[in-house]
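Undergrad: when you get a sec, could you give me coordinates for this:
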Amino acid sequence: MITSNEKITLNQKNDLIYIQFQNLKEYEHMLTHCFTTRLGGVSQGEFSSLNLSFNKNDIRENVCENYRRLTEAIGVDYNKVVLSNQVHDKKIKIVSEADAGKGLTVESDIVGFDGLSTNQPGIPLVTFYADCVPVLFFDPVKKATTAVHSGWKSTVKNISYEALVLMKNTYNSNYEDIIVAIGPSICKNCFEVGKEVYDSFKEKFSWCDRYSEYRNGKYYMDLQRIIRHVLVETGVPEKNILISDICTKCNTDLFFSYRGDKGKTGSLAAVMMLK
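TA: Alright, predicted model coming up:
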């Protein structure tokens, strides 16, 4: 069972269990954040119990109730939550007060974005996961935050690099100020891929072999460390980057996992909100 350690804190409110990252928690006077588990909601069956995605065959009222429980637990405004709409690409949406509630309480025109970013306080940004890598960025100097969903396709498309460039260009962020948490996601030993996926990585990142392994005719890729390498290479100090080292597929008692649950599963979420 996963417990709080030097990287993460496991929090509980009633039956709802969520994770916070120690390097982001240091700034809790400026930032509210969490990464959900599958526990503490009202969804049933394969979505049991804290499914946060409306893009599943879950009952809408149950998902809304899950959001009510989550927003109450972490102290954010249910009516201002903004949801992403992920397509395994590299586009990141800059969110403003005008977007508050999109995807949850009002109709959304946020389509095709695998990341959300803002420098406006009081707007909870929500991105979704079920093995893909959550990469959460916070600039405590310029007071801006970005969250991206980095599955293997988005990783090859370098969405984390795109997030850094966006923060530099939009908020005048300095890379050395940015704090990054890389959340629970599929680990290297569980992320088995074929040659075509490996070749995509090799073409994009000539150095990726140091984070991959070949055995029994399959390749095994360490997405979390490939992403960290990109961040460091771009200019984020390694000491600013936390890798949770938690595998969603190894811990299906606590997390939804697309591979672990054989495709029949709910969605976890990361929430980021400036205070």
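Undergrad: need the contact list for the closest residue to A270 other than its chain neighbours.
TA: Spatial nearest neighbour of A270, excluding adjacent residues (C-beta to C-beta, 6 or more residues apart in numbering): P134 at 4.5 Å. (Each C-beta comes from the backbone N, C-alpha and C, glycine too.) Taking C-beta atoms under 8 Å, 6 or more residues apart in numbering, we find P134 in contact with F35, T127, A147, V148, H149, S150, A181, I182, G183, P184, S185, A270.
Undergrad: can you tell me how far the residue found closest to the fourth one once you drop the neighbours it is linked to in the chain sits from K56?
TA: Translated: V148. Among residues not flanking V148 along the chain, G115 sits closest, at 3.6 Å (C-beta to C-beta, 6+ apart). In this structure, G115 and K56 are 21 Å apart, going by C-beta to C-beta, to the nearest Å.
Undergrad: and what of M30?
TA: 33 Å.
Undergrad: before we move on, what about I243?
TA: For I243, the distance to K56 - C-beta to C-beta - is 28 Å.
Undergrad: again, but for I182
TA: Here the criterion is C-beta to C-beta. By it, I182 lies 25 Å from K56.
Undergrad: then K264?
TA: Using C-beta to C-beta, K264 is found at 9 Å from K56.
Undergrad: neighbour count: these two, which is higher?
TA: A side-by-side neighbour count of K264 and K56, using other C-beta atoms under 10 Å, places K56 first with 18 against 12.
Undergrad: tell me how far that one lies from V141.
TA: 38 Å.
Undergrad: ok, now A73?
TA: Distance from A73 to V141, by C-beta to C-beta: 29 Å.
Undergrad: cool, and Y171?
TA: 9 Å.
Undergrad: can you check K262 too?
TA: Using C-beta to C-beta, K262 is found at 44 Å from V141.
Undergrad: tell me where the stretch 51-200 of the chain has helices.
TA: In the stretch 51-200 of the chain, helices defined by DSSP state H, counting those that start in this stretch lie at 60-74, 152-156, 159-171, 195-204, listed in chain order.
Undergrad: compile the ones you listed into JSON lines and extend it with columns for distance to L274 and mean neighbour count.
TA: Output for these, formatted as JSON lines (distance: least, C-beta to C-beta, whole Å; neighbours: other C-beta atoms under 10 Å):
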{"stretch": "helix 60-74", "distance to L274": "13", "mean neighbour count": "18"}
{"stretch": "helix 152-156", "distance to L274": "24", "mean neighbour count": "22"}
{"stretch": "helix 159-171", "distance to L274": "11", "mean neighbour count": "20"}
{"stretch": "helix 195-204", "distance to L274": "32", "mean neighbour count": "14"}
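Undergrad: which of K262 and V141 has more neighbours?
TA: For K262 versus V141, neighbours defined as other C-beta under 10 Å are more numerous around V141 (12 against 9).
Undergrad: ok, that one - contacts?
TA: Contacts of V141 (C-beta under 8 Å, 6+ apart): S173, N174, D177.
Undergrad: now these in JSON lines, with neighbour count and pLDDT?
TA: Shown next, in JSON lines, are the contacts of V141 (neighbours: other C-beta atoms under 10 Å; pLDDT from 0 to 100):
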{"residue": "S173", "neighbour count": "23", "pLDDT": "98"}
{"residue": "N174", "neighbour count": "14", "pLDDT": "98"}
{"residue": "D177", "neighbour count": "15", "pLDDT": "98"}
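Undergrad: any chance of those in a markdown table, with distance to Y78 too?
TA: Converted to a markdown table, these look like this (distance: C-beta to C-beta, whole Å):
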| residue | distance to Y78 |
| --- | --- |
| S173 | 29 |
| N174 | 34 |
| D177 | 31 |
